[in-house]
Structures are given as structure tokens and as C-alpha cells.
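Trainee: Model the following, please.
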Amino acid sequence: MAFDPKTYGPDVAQILSLGQNGNRLIPLSFEPYATQEMRDLIKKFAAGGLFPDLEEPEAPLAGLWLYFSCFEEAHKLAELCETEEGDLWHALIHRHEGDSGNAAYWFRRAGPHPVSSPSRKRP
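Mentor: Numbers count the residues shown, from 1 in each chain. Take a look at the predicted model:
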């Protein structure tokens with residue numbers, strides 16, 4: 001199944017168009033990636049404007065910053081999050097940072113999540 005950034009609305013699609021349309025393989029550690037144009041575009045939008053139907057829109061916005069390897073911006077938003085979804089993004093940010101102990105803490109706080117659940121039982 002191909003990823004379609006338009007699923008998340010025209011503004012998110014526009015942001016992702018500056019980064020391989022959401023198909024970028026993110027390295028396991030932060031490496032410079034974001035251009036000033038990317039940063040300026042993301043900063044134009046409020047979390048609630050990009051993700052209006054979510055309880056905590058800061059969580060996926062942190063994910064967008066993570067996608068562009070912007071640790072400070074991603075972490076600042078993740079710190080505002082108080083839901084399990086936000087805890088999961090916080091964990092992913094610290095995993096990407098290379099702080100496995102801190103990432104493990106946030107993964108424990110997030111608890112089980114469908115993204116990490118097995119899709120089928122093994123024989």
C-alpha cells in the first residue's frame with residue numbers, strides 16, 4: 001500500500017512535498033535534513049489547524065518535525081503531550097536521538113499501541 005500524503009490534508013501534503021512526499025526513510029539518528037524552507041513552512045501552521053480532529057494535535061506535529069530531523073522542535077511539542085499517543089511520539093523522538101533509556105521510559109508510559117502489536121499470531 002502506497003503512502004498518500006493527501007490523506008492528511010493539503011497542508012500536510014504541501015509540507016511533505018518538501019521531503020520526498022512522506023516516503024523518506026528516516027535514519028536511526030538525527031542527521032541534518034531540514035532546509036530553512038521546510039522549517040518556515042511548518043512554522044506557518046498551528047497543530048490544531050493541521051490535525052483538527054485529534055485530541056492532541058501536537059503529537060503528529062512533533063512527528064512531522066521528527067520526519068525532517070528537527071529534534072528541538074519535535075521534542076518541544078512532545079513535552080506538551082499528555083496522551084498515550086503523545087508518549088509514543090516522545091519515545092520515538094528519544095529513540096531517534098539515541099537516548100535508549102529515556103526512550104524506554106516513554107515507550108513504557110505509552111503502553112501497548114496498535115503500531116507495535118503483532119498483526120497475526122505466530123504458529
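
Trainee: per-residue confidence at residue 96?
Mentor: In this model, residue 96 is scored at 89, pLDDT.

Trainee: That one contacts residue 29, correct?
Mentor: Yes. Here residue 96 lies in contact with residue 29, judged by Cβ atoms under 8 Å, at a distance of 6.8 Å. The C-beta positions use only the backbone N, C-alpha and C, and glycine is treated the same way.

Trainee: neighbour count winner among these two?
Mentor: residue 96 (19 against 10; other Cβ atoms under 10 Å).

Trainee: Run through who's touching whichever strand or helix holds that one.
Mentor: Secondary structure from DSSP states H and E places residue 96 in helix 84-97. Contacts to helix 84-97, defined as Cβ atoms under 8 Å, 6 or more residues apart in numbering, come from residues 26, 28-30, 55-56, 58-60, 62-63, 66, 71, 74-75, 78-81, 100, 102-107, 109-111, 113, 115.

Trainee: Any idea how far apart the tips of stretch 26-40 sit?
Mentor: 20 Å (Cα to Cα, to the nearest Å).

Trainee: can you pull the buried residues of it?
Mentor: Applying a neighbour-count criterion of 16 or more other Cβ atoms under 10 Å, one finds 30, 34, 38 buried in stretch 26-40.

Trainee: which residues touch the residue nearest to the second one when sequence neighbours are not counted?
Mentor: When you say that, I think you mean residue 34. In space, not counting the residues next to it along the chain, residue 34 is nearest to residue 68; the distance is 4.1 Å by Cβ to Cβ, 6 or more residues apart in numbering. Contacts for residue 68 (Cβ under 8 Å, 6+ apart) come out as 19, 33-34, 38-39, 42.

Trainee: If anything else comes up later, I'll come back, but that's it for now.
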